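A.B. asks: quick one: sequence plus predicted model below, questions after.
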Amino acid sequence: MRLDFLQAGEIVSIHGLRGDMKVLPWSDGPDFLLPFRRVRIDGREYAVENCRVQKTCNLLKLKGVDTPEAAQALRGKTVEIFREDADKDVIFAAELEGVEVYAAGRMIGSISEVLDYPGNSVYVVKGERSYMIPAVKEFILSTNLAENRMEVKLIEGMEIDAD
């Protein structure tokens, strides 16, 4: 299911005297946040004045957040992006939870969790039985969020509660 907003990171500290904030990104890397011109924090939309990478984090400057005190008030908050601003072809892990999974035309369950591993993600599917399915082209045949449906190819060893 496509979400209206996607959690992108957490404000972990302030930086400098102009209201800059250090954001720990919850994506593949800090470059992900660079193209966004607006974000949402606690249900409020903010225009992004500047966003740059600093090591593994982002330094984010928002319009209207111009002092260390104003930035400090947002510390610990979650930064969200607007789904409509993101690439339409990209599917985010949060959007996969609850998607119904089919193998050979038969529903086997729904995605309950997405596990991130260095090589690839793994989808945990729960139904009558539980499965761990690597998120690679060989096993994920199609994904249609509008229909809340994913087609997969199962092989021996994917079922985690087999006898």
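C.D. replies: Here it is on my side, so go on.
A.B. asks: quick one, helices of this protein?
C.D. replies: 68-72, 93-96 (DSSP state H).
A.B. asks: okay, now residue 35: neighbour count?
C.D. replies: When neighbours are counted by other C-beta atoms under 10 Å, residue 35 registers 12. Glycine gets a C-beta too; all of them are placed from N, C-alpha and C.
A.B. asks: who's in contact with it?
C.D. replies: By C-beta atoms under 8 Å, 6 or more residues apart in numbering, the contact list for residue 35 is empty.
A.B. asks: next one: phi and psi at it?
C.D. replies: When read as degrees, to the nearest 10, the backbone of residue 35 gives phi -80, psi -10.
A.B. asks: that older thread, out of the helices of the chain, deepest packed?
C.D. replies: Of all these, helix 93-96 carries the top mean neighbour count, a mean of 18, counting by mean count of other C-beta atoms under 10 Å.
A.B. asks: and the helices of the chain: which comes nearest residue 25?
C.D. replies: Across the helices of the chain, residue 25 has its closest neighbour in helix 93-96 (13.6 Å, C-beta to C-beta).
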